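Got a sequence here, can you build the structure:
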Amino acid sequence: MSNDTPSRSNPPAAGKRKLFIKTYGCQMNVYDSQRMADVLAPQGFTTTDTPDDADMVILNTCHIREKAAEKVFSDLGRLRPLKDDAQTKGGDVMIAVAGCVAQAEGAEITARAPYVDIVLGPQTYHRLPELVARASRARAQSNGREKISVIDTEFPAEPKFDFLPPPRAEGPTAFLSVQEGCDKFCTYCVVPYTRGAEFSRPVADVLREARGLVSAGVREITLLGQNVNAYHGDAEGHITWGLGRLIRALAEIDGLARIRYTTSHPSDMDNDLIAAHGDVPQLMPMLHLPVQSGADRILHEMNRNHTADDYRRVIERLRRHRTDLALSSDFIVGFPGETDAEFAETMNLVREITFAQSYSFKYSKRPGTPAAAMKKQIPDDVSSARLTELQDLLDQQLREFNAASLGRTMDVLLTNPGRLPGQLGGRSPYLQAVHVNAPASLLGHVVPVRITTQESYSLGAELCDAKAD
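Numbers count the residues shown, from 1 in each chain. Model prediction:
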């Protein structure tokens with residue numbers, strides 16, 4: 001967002017309204033933001049890249065990290081002049097706060113930022129057109145004398161997916177939400193409270209959405225869920241499919257070249273899903289499987305319901321089925337009570353397994369979670385030192401993984417123009433950023449390339465003689 005005080009011209013004609021959405025956090029929020037834009041499109045909203053000329057601004061929030069709410073209030077403070085400026089010119093800018101911060105702290109938002117028009121949780125964005133209409137009526141009825149916010153943070157009985165329009169493809173890659181919510185109740189996490197109980201979409205709905213995306217030019221689909229490998233979707237014949245069977249069915253869609261899924265839990269890696277990694281060529285050899293800690297006592301305190309050796313055994317089985325599998329993970333350091341020896345166990349697990357990518361964080365208290373009340377909270381300087389040590393090791397493994405790609409031939413899905421003229425960018429099977437000199441006609445195609453250079457966080461390549469798909 002712009003750091004300058006925004007200004008606006010006079011409001012646009014009815015039916016031609018601009019929508020700006022700022023997305024915080026996870027890939028699920030990226031998907032949700034896209035669907036909110038889809039829901040509002042029939043109301044005349046088209047997306048814009050800046051809030052400065054928007055008629056509606058949505059902050060789609062995430063509550064995972066520390067001070068998440070304060071970051072939202074900071075952004076709201078920067079939006080207020082935009083709203084005030086519009087009102088002095090006889091118009092208005094509608095401001096909505098969506099997502100997990102909205103779900104957890106809706107009342108606080110309206111108390112501290114009464115100029116917010118709409119507060120909605122992650123399970124209610126299919127009702128956005130209705131909420132926009134209600135907010136408009138409330139504003140008109142108050143005639144500026146009283147500010148009334150519309151709040152919808154209920155967990156509706158009906159799945160929101162039943163009320164969403166077909167998604168629009170925006171390029172050769174797409175997210176597809178198949179599972180939402182979480183029943184794991186890790187002691188540090190707010191997701192079960194903000195996203196609700198686990199819900200899996202019916203198989204037919206997922207396949208229909210996937211076919212629609214592929215017919216619109218999508219070549220790679222990433223299946224999303226808070227615990228996506230806990231997927232248990234209803235199928236014909238009153239049976240339930242797991243994620244492995246769903247992936248096999250998706251692989252039969254003509255034109256779908258790549259399948260990924262995130263985020264998964266070690267306890268939900270069943271035999272069929274593990275086998276799919278070896279059986280389904282379209283399933284990419286890059287798996288994000290969070291472990292959080294390498295110390296069993298810490299894992300128990302986190303309520304992870306697996307041990308470090310359980311994790312090792314899952315990885316061993318996966319690598320037997322897919323020898324070129326690369327891994328990504330999440331790590332939390334400085335969890336309450338974590339000792340130097342327990343942190344060393346995490347470091348040992350990282351050295352033993354090796355990771356191509358990872359996300360690591362200092363533990364941060366989330367209000368209302370059991371871990372927030374635990375004794376022996378770790379001093380920040382200790383957590384910071386541990387995080388630096390862990391990230392140094394993870395960065396070293398990332399560099400070594402990328403260096404091992406030099407000279408290799410691999411397929412890259414070209415997704416966007418490159419940084420230089422005549423260049424295209426894309427992703428390898430391992431989600432590495434790759435740039436290559438290639439004609440624009442290859443955009444959206446999977447092409448074989450030879451990796452020639454390694455930069456800090458990307459790879460350079462040259463086209464091979466073999467034809468694109």
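
List the contacts of stretch 407-420.
Taking CB atoms under 8 Å, 6 or more residues apart in numbering as the criterion, the residues outside stretch 407-420 that touch it are 171-173, 219-220, 257-258, 423-429, 434-436, 438, 440, 442-452, 461, 464. From N, CA and C alone the C-beta is placed, and that goes for glycine too.

residues of that stretch that come out buried?
Buried positions in stretch 407-420, judged by neighbour count with 16 or more other CB atoms under 10 Å: Met410, Asp411, Val412, Leu413, Leu414, Thr415, Asn416, Gly418.

Which neighbouring elements make contact with the helix or strand bottoming out on mean pLDDT in the chain?
Within the chain, confidence by mean pLDDT, DSSP states H and E is lowest for strand 150-152 among all helices and strands, at a mean of 80. If contacts are counted by 3 or more CB pairs under 8 Å, 6 or more residues apart in numbering; DSSP states H and E, strand 150-152 sits against helix 100-112, strand 118-120, helix 128-142.

so after that strand, what's the next helix or strand?
Using DSSP states H and E, the helix or strand that follows strand 150-152 in sequence is strand 173-177.

Please name every helix or strand in contact with that following strand.
Of the remaining helices and strands, those touching strand 173-177 by 3+ CB pairs under 8 Å, 6+ apart are helix 27-40, helix 203-215, strand 220-224.

Mind exporting the C-alpha coordinates of it to CSV?
What follows is strand 173-177, C-alpha atoms only, in CSV (Å, rounded to 0.1, in the frame of the first residue of the first chain):
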residue,chain,number,x,y,z
THR,A,173,-1.6,-21.7,-12.2
ALA,A,174,-4.5,-21.7,-9.7
PHE,A,175,-5.3,-22.5,-6.1
LEU,A,176,-8.3,-24.8,-5.5
SER,A,177,-9.6,-25.1,-1.9
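
pretty sure Val291 contacts Leu327?
No. Shown here, Val291 and Leu327 do not form a contact pair, counting by CB atoms under 8 Å, at 9.5 Å.

Roughly how far does Gly292 sit from Leu398?
Slight slip there: residue 292 is Gln, not Gly. Between Gln292 and Leu398 the distance, using CB to CB, to the nearest Å, works out to 19 Å.

got it, and Asp49?
The span separating Asp49 from Leu398 equals 30 Å under the rule CB to CB.

Strands of the stretch 301-450 of the chain, residue ranges please.
Shown for the stretch 301-450 of the chain, the strands assigned by DSSP state E, counting those that start in this stretch span residues 326-333, 357-362, 409-417, 423-427, 433-437, 446-454.

Just send those strands back as a markdown table, with distance to Arg386 and mean pLDDT too.
Supplementary listing: those in a markdown table, determined by distance: least, CB to CB, whole Å; pLDDT from 0 to 100:
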| stretch | distance to Arg386 | mean pLDDT |
| --- | --- | --- |
| strand 326-333 | 4 | 98 |
| strand 357-362 | 8 | 94 |
| strand 409-417 | 35 | 96 |
| strand 423-427 | 31 | 96 |
| strand 433-437 | 28 | 96 |
| strand 446-454 | 28 | 97 |
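
Could you list the low-confidence segments of the stretch 351-469 of the chain?
Low-confidence segments of the stretch 351-469 of the chain (pLDDT under 70): 466-468.

So which of Asp49 and Leu398 has more stuff around it?
For Asp49 versus Leu398, the count of surrounding residues by other CB atoms under 10 Å is larger for Leu398: 19 against 9.
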